[in-house]
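Asker: Sequence unavailable; structure follows:
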């Protein structure tokens, strides 16, 4: 595929959504190609409905493997309808979460196993890997404090998990960052939002001059 596939990852409370909202217009100003901003689970109607099922606090009886399979199903449809067509057209895709999230949250957080979750997702993604991943790192205590202080709407099923769950998630992310250092760029998300956005911006434009005019 001709386009550029960028994902942004991080544990809850790392500020991914805020960073993406600030980063997207900055990248648009210097991009040489159209940028498609999207998220997982979601991005298209079918996947957004699956997202509602996964995150609804009322679904407290959901089995861990069911959860992992639903994420993979939403991801597959998202690829089919949105990501692959955009990349085939040479566009830049900026995606909030991808497979790394499933490895960290379901594989490590839920204790299913990262290898097992990777196998589920390989069936869904058929070898699709981001060109680059910006991993926003924040310690679990700080992340949970941010969640509880900033969320004005209902806390979802994953937000509501305890400290140990979120610690397992973060440790898994750090392991992935070490194992895939050529793809995953670690960003210190404890800093002020504007500084985190600035770090992300300059990492991308310095790495990909073909897609971003410096």
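Answerer: Yep, it's here. Bear in mind that the values here come from a model prediction, so they are computed numbers and not experimental data.
Asker: Show me which positions of the one helix or strand residue 202 maps to end up buried.
Answerer: Under the criterion DSSP states H and E, the helix or strand holding residue 202 is helix 193-207. Of all the residues in helix 193-207, those buried under the rule 16 or more other C-beta atoms under 10 Å are 196, 197, 199, 200, 201, 204, 205. C-beta coordinates here come from the backbone N, C-alpha and C atoms, glycine included.
Asker: Quick one: residues in contact with the helix or strand of the chain with the lowest mean pLDDT.
Answerer: Least confident element among the helices and strands of the chain, by mean pLDDT, DSSP states H and E: helix 140-150 (a mean of 79). Helix 140-150 is contacted by residues 11-15, 138, 155, 159, 163, 166-167, 169-170, 190 when judged by C-beta atoms under 8 Å, 6 or more residues apart in numbering.
Asker: Sketch out the low-pLDDT regions of the protein for me.
Answerer: Under the criterion pLDDT under 70, the flagged ranges of the chain are 151-157, 159-160.
Asker: how about the strands in it?
Answerer: Counting by DSSP state E, one finds strands in the chain at the ranges 4-9, 35-39, 92-96, 132-137, 184-188.
Asker: out of everything not next to it in sequence, what's closest to residue 208?
Answerer: By the measure of C-beta to C-beta, 6 or more residues apart in numbering, the closest residue to residue 208 outside its immediate chain neighbours is residue 4, 6.1 Å from it.
Asker: Could you give the number of residues near the one you found?
Answerer: Other residues near residue 4 come to 24 when the count uses other C-beta atoms under 10 Å.
Asker: Tell me the buried residues in the least confident helix or strand of the chain?
Answerer: In terms of neighbour count (16+ other C-beta under 10 Å), helix 140-150 has its buried residues at 140, 143, 144, 146, 147.
Asker: got the angle for that helix vs strand 132-137?
Answerer: Between helix 140-150 and strand 132-137, the angle formed by their directions is 90 degrees, by axes from the mean of the first three to the mean of the last three C-alpha atoms, to 10 degrees.
Asker: one step back: quick check on the contacts of helix 140-150: which are buried?
Answerer: So, of those, 11, 12, 13, 14, 15, 138, 159, 166, 167, 169, 170 end up buried under the neighbour-count rule (16+ other C-beta under 10 Å).
Asker: Could you double-check that the second one lies in contact with residue 166?
Answerer: In other words, residue 12. Yes. With the criterion set as C-beta atoms under 8 Å, residue 12 and residue 166 qualify as a contacting pair; they are 6.4 Å apart.
Asker: Adding distance to residue 182, write the buried residues of helix 140-150 out as CSV.
Answerer: Putting those into CSV (distance: C-beta to C-beta, whole Å) gives the following:
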residue, distance to residue 182
140, 26
143, 26
144, 31
146, 30
147, 31
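Asker: The residue nearest to residue 81 when sequence neighbours are not counted and residue 38, how far apart?
Answerer: Residue nearest to residue 81 in three dimensions, not counting chain neighbours: residue 44, with 4.7 Å by C-beta to C-beta, 6+ apart. Between residue 44 and residue 38 the distance is 8 Å, computed by C-beta to C-beta, to the nearest Å.
Asker: Ok, residue 194 next?
Answerer: Taking C-beta to C-beta as the criterion, residue 194 is separated from residue 38 by 24 Å.
Asker: before we move on, what about residue 169?
Answerer: Using C-beta to C-beta, one gets 22 Å for the distance from residue 169 to residue 38.
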